[in-house]
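1. fold the stuff below for me.
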Amino acid sequence: MAAVASIEQKSQQETDPLPQRVLGKTGESVAMLGLGTGPTGYGMKDENAISLIHRAIDLGVTAMDTAPGYDRAQVQLGEVMKERRREVFLITKTPTDDYQTALDKLEKNLNDLQTDYVDVTYVHCLGAYDPERVLSQNGSLAGLREAQRRGWTRFVGFTAHNQPQKSAKVLREADIDVVMLAMNFADRHTYNFEEEVLPLAAERQVGVVAMKVFGGAHNMNYKKQTPSALDAAGDHDHQLAFRYALGLPGVTMAVIGMYTEEELEKNIEWVRSLEPLSIQEERRLAQRGKELAGEWGPHYGPVQ
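-> This next block holds a predicted model:
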């Protein structure tokens, strides 16, 4: 019977669409699980990465998150996009605070991705920049709005790993479509995007994507098949962390970097069976999160 159940479960994964949510004011319905391509770009041969991306799309994981800093990732993804662009909600990034540099980087991204537009472009790692510069008429957000006018990107936003006050400032002062924030039950006690930024995003109907759901790769090393920060700490119940992130108010999707088809199928299983945390689970994660925050410290960079 177990074998039969396994076959039936795999058949469901292959045919049924994944659960979806609306990505804020973009109005786009997207699957609640996205594929992060840092691991494929840094840690996988091109043919294996391309195969995993195809498999993800086949199984309904159609939001693909990439960046020019992920080594081979955009080139690998481009080999898939030349065949399957219409099936994918495509996301890339521009690591800059400058108007023209944002345009130049996005144009290069489009060439690597073998497409003439993406769905979302982020200013990458907002914490690395002076938000006044990002917000200026010569800043990267203005550059991305120009890219939007040219039809190169449908939506504009930023990613943030640290210094949540910068994210709050930009949300208050700019028209942002989507943000991707580092959020997990441990880093809540260090960076606390959950309380400092999420309410602002909700107030402005900004789409929210969660990243670093498992604490990111151990020591932020994606250049080989590295365990997650949670694994390295001895915490193996990743499903609880997954449920925590997707249970946060306003979060549409969790983007997770994956190395194997086994990881892909496990995350798909979790999104299909997603349930809210119980009060007891919330308490357990709060206590364990405080302990882990003390061990990890500000591992994504400064808090303020």
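2. check which helices and strands whichever strand or helix holds residue 102 sits against.
-> Residue 102 is part of helix 99-113, with elements assigned from DSSP states H and E. Applying 3 or more CB pairs under 8 Å, 6 or more residues apart in numbering; DSSP states H and E, we find helix 99-113 packed against helix 73-84, strand 89-94, strand 118-123, helix 140-150. Bear in mind the C-beta positions are built from the backbone N, C-alpha and C, glycine included.
3. following the third one, which helix or strand shows up next?
-> Sequence-wise, the next helix or strand beyond strand 118-123 is helix 131-135, with elements assigned using DSSP H and E.
4. relative to the whole chain's centre, how far out is that next one?
-> Taking the mean of its C-alpha atoms, helix 131-135 sits 23 Å from the chain's own mean (CA atoms, centre = their mean, to the nearest Å).
5. next: stretch 163-182.
-> Using CA atoms, centre = their mean, the offset of stretch 163-182 from its chain centre is 15 Å.
6. A strand includes residue 172, no?
-> No. Read with DSSP: H, G, I helix; E, B strand; the rest coil, residue 172 is helix and lies in no strand.
7. that one: neighbour count?
-> Applying other CB atoms under 10 Å, we find 12 residues neighbouring residue 172.
8. contacting residues for the residue nearest to it when sequence neighbours are not counted?
-> Once flanking residues are discounted, residue 172 sits nearest to residue 200: 6.7 Å by CB to CB, 6 or more residues apart in numbering. Shown in contact with residue 200 (CB atoms under 8 Å, 6 or more residues apart in numbering): 168, 171, 172, 206.
9. what of residue 164?
-> Per CB under 8 Å, 6+ apart, neighbours of residue 164: 191, 192, 193, 196, 197.
10. ok, now how distant is the residue nearest to it when sequence neighbours are not counted from residue 162?
-> Spatial nearest neighbour of residue 164, excluding adjacent residues (CB to CB, 6+ apart): residue 196 at 4.2 Å. Between residue 196 and residue 162 the computed distance is 12 Å (CB to CB, to the nearest Å).
11. where in the stretch 201-304 of the chain is pLDDT low?
-> 224 (pLDDT under 70).
12. and the helices in it, which stretches?
-> For the stretch 201-304 of the chain, the helices defined by DSSP state H, counting those that start in this stretch occupy 229-232, 238-246, 261-272, 279-296.
13. for the longest one, list the C-alpha coordinates in PDB.
-> Right, the one you point to is helix 279-296. Taking C-alpha atoms only, helix 279-296 is exported to PDB below (Å, rounded to 0.1, in the frame of the first residue of the first chain):
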ATOM      1  CA  ILE A 279       0.300  27.700  19.400                       C
ATOM      2  CA  GLN A 280       2.600  25.000  20.700                       C
ATOM      3  CA  GLU A 281       4.700  25.100  17.500                       C
ATOM      4  CA  GLU A 282       4.900  28.900  17.600                       C
ATOM      5  CA  ARG A 283       6.200  28.800  21.200                       C
ATOM      6  CA  ARG A 284       8.700  26.100  20.300                       C
ATOM      7  CA  LEU A 285      10.000  28.100  17.400                       C
ATOM      8  CA  ALA A 286      10.200  31.300  19.400                       C
ATOM      9  CA  GLN A 287      12.400  29.700  22.000                       C
ATOM     10  CA  ARG A 288      14.600  27.800  19.500                       C
ATOM     11  CA  GLY A 289      14.800  31.000  17.300                       C
ATOM     12  CA  LYS A 290      16.200  33.000  20.200                       C
ATOM     13  CA  GLU A 291      18.800  30.300  20.800                       C
ATOM     14  CA  LEU A 292      19.800  30.200  17.200                       C
ATOM     15  CA  ALA A 293      19.900  34.000  16.900                       C
ATOM     16  CA  GLY A 294      22.400  34.000  19.700                       C
ATOM     17  CA  GLU A 295      24.600  31.400  17.900                       C
ATOM     18  CA  TRP A 296      24.300  33.000  14.400                       C
END
